[in-house]
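K.L.:
Fold the following for me, if possible:
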Amino acid sequence: MVSLNDVFYVVAKKGNTNTGEIITELGKDEKEYQNVFNNILILEKKNLVKRKNKSIDVINSKSGQELYNLISFSLRNNINYNILFKRKMLYFLKKATKKEFFTINDIRIHPATFKFYAEALSKYGLLIIISRNPLKCKLLKSEYIKRVLAYFTIKTNFYVEKSRSHIPDIIRELRKYNRRIKISSSPLNTIDKGREAGFIYSSLNLEGNPLTLPETEKLLIKNIMPKDQNAESVMETLNYKVAIEKMILNSRKKVFLTKELILQYHALAMNGKGFAGKLRKENVFIKKNPAFATSDWKIIEKKLDELLKKYAIFENTKQDIKKIIKFAAFFHNEFQRIHPFIDGNSRISRLLMLHILRMHRLPVLDLPLGYFDSYLDLTKRSRKRDDERFSLLVEEIVLTNLKNLNNTLLKY
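P.N.:
All right, here's what the predicted structure looks like:
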């Protein structure tokens, strides 16, 4: 059934419209007429839309603009806003913000509802399922969740996160993963196609690429070109896919990183740009964050050589999982601050981090939506470098990848 939010979004997107056009836009038939009209009357009472004769238009207000933005964000990220904006879900979210780890004992709702909401939020990348018996979860500190609660005037403060190592949990989940792929590795190709598309979307979305997650998945998995998107954004997505697939192949073959390989990754990802695969010859800065210092262009080669020397020492020394993740996180941070290219530095930083992790049999290929803000706050938005906190964040992302993989493999 068409919801209040469905109707509002169509009116806000189309502008001046009428009930019949709303029904057509929603892909419904005339049976939905009364329901749609009733929703219009409710929206009018809420001062979100106005009617004049048979015309319906959106009212320009902060409240209306924020609701439109929240719905648009949801659609971009394959989130069912009709589930997320439910009164019971909002209650669930409010309670979930109180404790870093919570169970049904902390949220008094029906067990089936608790499980449904936890599974939905996990699918959207906004929650981690820590254990299934008993069902224990962690809601990630996403600005999107904070905005949703604020829009519905729900006051809450997120839990204070404790700094902790996730290595014991990673080792446990990695053992499960290795056992399961020994039994059957055939589902992995199918699973990894979706994960690859999701990572490409996440990585490019952080850089401002306008393609939505559904559009990216259709483009990369089904070869369906998105409508109303410019050719440059589409090519950027396809180029990054080539670079990511090259990285996956190289890491599987245990190909060591070199300056030449890094330049090749950049050339593939930025194909068609005049600066693709070339070190910059001018100084650059991070927009909106002058505190994020990048290397003077004259010392870029020296800095890269120093970083690759540390990488060579790392690869030629026996490492445990903690050291692998710590070095991968350090490499990302150092490379991003060297900022060797005119553009594309951050997406290559993430690609190189994945190369190191995957080369050491940590099957990371996902950056869940709920980590976007924490990730940016410790990288491009940071005012002070903190390798230790970033390493702990990468640990948690590795753990989340393994948990999600193991849960998915159980279904096959």
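K.L.:
Between its first and last residues, what's the separation in stretch 133-151?
P.N.:
With Cα to Cα, to the nearest Å as the measure, the first residue of stretch 133-151 is 34 Å from its last.
K.L.:
Please enumerate residues in contact with the helix or strand hosting residue 328?
P.N.:
Applying DSSP states H and E as the criterion places residue 328 in helix 321-338. Helix 321-338 has contacts (Cβ atoms under 8 Å, 6 or more residues apart in numbering) with 165, 167, 170-171, 174, 292-295, 300, 303-304, 307, 311, 314, 319, 345-346, 348-350, 352-353, 356-357, 360, 362, 379-380, 385, 387, 390-391, 393-395, 398. C-beta: built from backbone N, CA, C; applies to glycine.
K.L.:
Narrow these to just the buried residues.
P.N.:
Buried subset of these (neighbour count, 16 or more other Cβ atoms under 10 Å): 167, 170, 174, 292, 294-295, 300, 303-304, 307, 311, 314, 345-346, 348-350, 352-353, 356-357, 360, 362, 379-380, 385, 390-391, 393-395, 398.
K.L.:
and the closest residue in space to residue 92 that isn't next to it in sequence, backbone torsions?
P.N.:
Spatially, and ignoring its direct neighbours in sequence, residue 92 is nearest to residue 117 (4.9 Å; Cβ to Cβ, 6 or more residues apart in numbering). Dihedral angles of residue 117 (phi, psi; degrees, to the nearest 10) stand at phi -70, psi -40.
K.L.:
can you give me the strands for the protein?
P.N.:
Assigned by DSSP state E, the chain shows strands spanning 49-52, 55-58, 127-132, 135-139.
K.L.:
how about the helix holding residue 328: buried residues?
P.N.:
Neighbour counts over helix 321-338 (16+ other Cβ under 10 Å) mark 321, 324-338 as buried.
K.L.:
Out of those, flag the one nearest to residue 264.
P.N.:
Nearest to residue 264 out of the buried residues of helix 321-338 is residue 335 (Cβ to Cβ; 15.0 Å).
K.L.:
Can you tell me the centre-most residue of the chain?
P.N.:
Geometric centre of the chain, nearest residue: residue 369, 3.1 Å, by Cα atoms, centre = their mean.
K.L.:
Was I right to think that residue contacts residue 126?
P.N.:
Yes: in this structure, residue 369 is within contact of residue 126 by Cβ atoms under 8 Å, at 6.1 Å.
K.L.:
what touches both of these two?
P.N.:
Counting by Cβ under 8 Å, 6+ apart, the shared contacts of residue 369 and residue 126 are 142, 144.
K.L.:
Report the contact partners of the closest residue to residue 408 other than its chain neighbours.
P.N.:
Distances taken as Cβ to Cβ, 6+ apart put residue 191 closest to residue 408, at 5.5 Å, once the chain neighbours are dropped. Counting by Cβ under 8 Å, 6+ apart, residue 191 touches 405, 408, 409.
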